[in-house]
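Participant: Here's a sequence, model it:
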Amino acid sequence: MAELAKKRQQLIHAAESFVQAFTEKKPPELLFSYFSEHIIIHEHGMQQLAPYVGREFRGIEGAGEYFSILASTITLEKAKLKSMFVDPKESKVSVKGEATSTWKETGQSWNEIWTSLLEFDDEYKIKVYEIWADQGAVYLASKGLLKQ
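Facilitator: Numbering: from 1, shown residues only. Sure, this is the predicted structure:
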């Protein structure tokens, strides 16, 4: 039992550190230091909604592509972690956060609640990073239709 409690604390620390770096807009090199070299990133939704949605980005190079596309299309402000659920047996952490997102091209913003599932390897590096967010708002904002 003590071993699981210790693993739980290490997972919490690893997840909180990554989310903090992401929400504080740290440089990509720092974000990538939290990833396994075989990271898989997948933001769920239809590919037609946004260029970073509905695709798998693999490896550090893929992570670079994901974050580059994300940074070129939207901004996140006031992002913060709201809650976390930890499964030390499966080495997974589910996080829930909120942010104000803005589609850069149209300037349209929305308040968003997002969830992510982080799966860790034995070295507490993220090997799978899945994201669920408000893809309807993303699409409408990208078309300039969010406020109509």
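Participant: Could you report the separation of S33 from F18?
Facilitator: 9 Å (CB to CB, to the nearest Å). No exception for glycine: its C-beta is placed from N, CA and C like everyone else's.
Participant: So those two - more neighbours on which side?
Facilitator: Legend: neighbour count by other CB atoms under 10 Å for S33 and F18, higher for F18 (25 against 13).
Participant: Tell me who's in contact with that one.
Facilitator: Neighbour list for F18: 31, 34, 118, 126 [criterion: CB atoms under 8 Å, 6 or more residues apart in numbering].
Participant: Show me which parts of the lowest-mean-pLDDT helix or strand in the chain are buried, residue by residue.
Facilitator: Lowest by mean pLDDT, DSSP states H and E among the helices and strands of the chain is helix 28-32, with a mean of 91. Buried positions in helix 28-32, judged by neighbour count with 16 or more other CB atoms under 10 Å: 31-32.
Participant: if we look at it, which residues are touching it?
Facilitator: Under CB under 8 Å, 6+ apart, the answer for helix 28-32 is 18, 21-22, 60, 63-64, 67-68.
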